[in-house]
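# everything below, folded, please.
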Amino acid sequence: MKLTQIATTGALALLATTAACVPKAAPPPPVAAPAPVRPPAPPSPAPAPVHANWLDAPQTPGDWSYRAGAGGGIAAFGVGGGAAPLFTMRCDLAARSVILGRGATSPTTAPAGMTVRTETQTRTLPATRSQSATDPGGAVQARVTRDDRLLDAMALSKGRFAVEVPGMNSLYLPSWAEVTRVIEDCR
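Next up, the predicted model:
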């Protein structure tokens, strides 16, 4: 053998011996699966802003609809898509009155009253809870006689009126033709 071959063979043998002495790396410890992350709780609904003058509050989103009924017409205000109306006005010809109903959600306790604000009048009406969830009058109801001037004020109040029930968001509703039509149905 030649000297170069011997040197190369010796270097390879030395390298193999050295490599055999190096300890093998330990396998990495098993990694535990991360705990599931819970999504953050949804934020609580922001309280409705309070306005110094209710006429400055933005109109409640939604539209009026009207339908004739055997005992008088019904005007309903709400957001489309089959959701329960936020507010209704129903003519009760037999009782010679108009029933105002605040729907969608009801307060946890019986309401003390329903306050109606117009440009010329503000009045708190005695209110009761609706006896039937299917009643188009709403979850909280107040009744006014068909000749009550509050109805005229609602129809002619600078194009809007407000409805307030304790424990519920205030509604700022437009005085559209449907409001007047229910009033006229009862008179």
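# which residues does the residue lying closest to residue 77 once chain neighbours are set aside contact?
In space, not counting the residues next to it along the chain, residue 77 is nearest to residue 87; the distance is 4.5 Å by Cβ to Cβ, 6 or more residues apart in numbering. For every residue, glycine as well, the C-beta is placed using N, CA and C. Residue 87 sits next to 76, 77, 78, 100, 101, 102, 103, 138, 163, 171, 173 when contact means Cβ atoms under 8 Å, 6 or more residues apart in numbering.
# can you tell me which of these lies closest to residue 152?
residue 100 (14.1 Å; Cβ to Cβ).
# neighbours of residue 82, how many?
6 (other Cβ atoms under 10 Å).
# tell me how far it lies from residue 171.
Between residue 82 and residue 171 the computed distance is 19 Å (Cβ to Cβ, to the nearest Å).
# same thing with residue 123?
15 Å.
# with residue 143 instead?
When residue 143 is compared with residue 171 (using Cβ to Cβ), they lie 18 Å apart.
# for residue 98, same thing?
16 Å.
# okay, these two: which has more neighbours?
Between residue 98 and residue 171, residue 98 has the larger neighbour count (other Cβ under 10 Å), namely 28 against 20.
# isn't that one up against residue 184?
No. Shown here, residue 98 and residue 184 do not form a contact pair, counting by Cβ atoms under 8 Å, at 10.8 Å.
# where do the helices of this protein begin and end?
Remark: helices assigned in the chain by DSSP state H are 3-21, 149-156, 177-186.
# in the shortest one, what's buried?
Within helix 149-156, the residues scored as buried using 16 or more other Cβ atoms under 10 Å are 150, 151, 153, 154, 155.
# what angle sits between that helix and helix 177-186?
150 degrees (axes from the mean of the first three to the mean of the last three Cα atoms, to 10 degrees).
# returning to what we had before: and the buried residues of helix 149-156 as CSV, adding distance to residue 65 and pLDDT?
Output for these, formatted as CSV (distance: Cβ to Cβ, whole Å; pLDDT from 0 to 100):
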residue, distance to residue 65, pLDDT
150, 22, 97
151, 19, 96
153, 22, 95
154, 17, 95
155, 17, 93
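# since that was my last question, I'll sign off now.
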